[in-house]
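[1] 3D, please:
(chains A and B)
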Amino acid sequence: GENVEQHPSTLSVQEGDSAVIKCTYSDSASNYFPWYKQELGKRPQLIIDIRSNVGEKKDQRIAVTLNKTAKHFSLHITETQPEDSAVYFCAAFVQGGSEKLVFGKGMKLTVNP
Amino acid sequence: DAGVTQSPTHLIKTRGQHVTLRCSPISGHKSVSWYQQVLGQGPQFIFQYYEKEERGRGNFPDRFSARQFPNYSSELNVNALLLGDSALYLCASSNRVNNEQFFGPGTRLTVL
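    Here you go, the predicted model:
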């Protein structure tokens, strides 16, 4: 069935360092890959997304890359700040019988001042 | 312009009871999906509704059911609650044009 693997599960960096989160997906028909940030006790917030016709997308300190052949996609955060501390989820949009997001297990990012 | 709203915010039930959770999508969005997020895990898909019809169901038992109303709001019902149903239940709305899904604040369900 559909599956999204995400790693690492936790990451601790110093303020100003970069952070990278990597995901792989199983359904080759997936064409939309959003990333969500979830702070403790709050809803997942969409921070950036990428579609299958694009290999890379950047928004200020955040960038995403997609390799459809390898079924890999990654999130890069540069110049990390303490407020970047949260759990980050990657997801793949699956269509067919239903339209749904299949999520990775999440990565807890801690940015130390 | 209001985002996705859910009620109640928190709920405490005991095993065997029944619960109803409610969701109102973003104005103009006709698709509502429900997800269950157990502590420490990513959200898991439960249902998708579009134009008042069920369009998809995840791997959840028949104790879980849902419906969508003419105004596109939705209810998730869970019968015969188990301890393992304790989770954050998230509703997401979409306009189905660009696949973006926007989440509501969730309902935190605790089953004792």
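
[2] Spit out the contact partners of the closest residue to residue B:39 other than its chain neighbours.
    In space, and not counting its chain neighbours, residue B:39 is closest to residue B:87: 7.4 Å by C-beta to C-beta, 6 or more residues apart in numbering or on different chains. C-betas here are computed from N, CA, C, even on glycine. Neighbour list for residue B:87: B:36, B:37, B:38, B:39, B:109 [criterion: C-beta atoms under 8 Å, 6 or more residues apart in numbering or on different chains].

[3] export those to CSV and tack on distance to residue A:89 and neighbour count?
    Below are the contacts of residue B:87 laid out as CSV (distance: C-beta to C-beta, whole Å; neighbours: other C-beta atoms under 10 Å in any protein chain shown):
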residue, distance to residue A:89, neighbour count
B:36, 14, 21
B:37, 10, 22
B:38, 13, 13
B:39, 14, 7
B:109, 20, 21
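
[4] nearest to chain A, of those residues?
    residue B:37 (8.2 Å; C-beta to the nearest C-beta).

[5] Which pLDDT value belongs to that closest one?
    Among the per-residue scores, residue B:37 shows a pLDDT of 97.

[6] ok, what's across the strand from it?
    Listed beta-bridge partners, residue B:37: residue B:88 (assigned using DSSP bridges).

[7] related to what we said a few turns ago, tell me how far the residue nearest to residue B:39 lies from chain A.
    Taking C-beta to the nearest C-beta, to the nearest Å as the measure, residue B:87 falls 14 Å from chain A.

[8] Report the secondary structure element holding the residue of chain B found nearest chain A.
    Using C-beta to the nearest C-beta, the single residue of chain B nearest to chain A is residue B:56, 1.7 Å away. Residue B:56 is part of strand B:53-57 when elements are defined by DSSP states H and E.

[9] Many thanks, we can stop here.
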